[in-house]
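1. take this sequence and fold it.
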Amino acid sequence: MWILVAGYLIAAVLPIIGFARLLWRTQRALDRESAAAVAAHSDAMSWDAFDAQFESRTDGPRRDRNAVLWDIGLVGSGLVLGAATSIAALPWN
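-> Purely as a prediction, here's the structure:
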């Protein structure tokens, strides 16, 4: 019985770990683009121009990271709820 419970828990946790790795990669891509935008800043550039350049360079990676966050929330909560329901449906006698 406990082997089934462990299997359900592992089945719920492994996709979340996969999404966490994907989130880690998208966050690193966003950090690299942010650092590149800051490195491209020159003293002759106004802050408004720098903000516009920063937003244009980091817009894509930021959208990708936010999409991964939503995917983690939706798929992860569905997996956890499914596993919890399956565990609750097991005969405990």
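2. so how many other residues sit close to Leu79?
-> Residues lying near Leu79 (other CB atoms under 10 Å) number 18. To be clear about C-beta, it is placed using only N, CA and C from the backbone, and glycine gets the same treatment.
3. could you find the closest non-adjacent residue to it?
-> Nearest residue to Leu79, sequence neighbours excluded (CB to CB, 6 or more residues apart in numbering): Ala12, at 4.7 Å.
4. what does Thr26 give?
-> Spatially, and ignoring its direct neighbours in sequence, Thr26 is nearest to Arg65 (4.2 Å; CB to CB, 6+ apart).
5. just give me how far the helix or strand that contains that neighbour sits from the chain centre.
-> Element membership for Arg65, per DSSP states H and E: helix 47-89. Chain-centre distance of helix 47-89: 5 Å, with CA atoms, centre = their mean, to the nearest Å.
6. elements contacting that helix?
-> helix 2-39 (3 or more CB pairs under 8 Å, 6 or more residues apart in numbering; DSSP states H and E).
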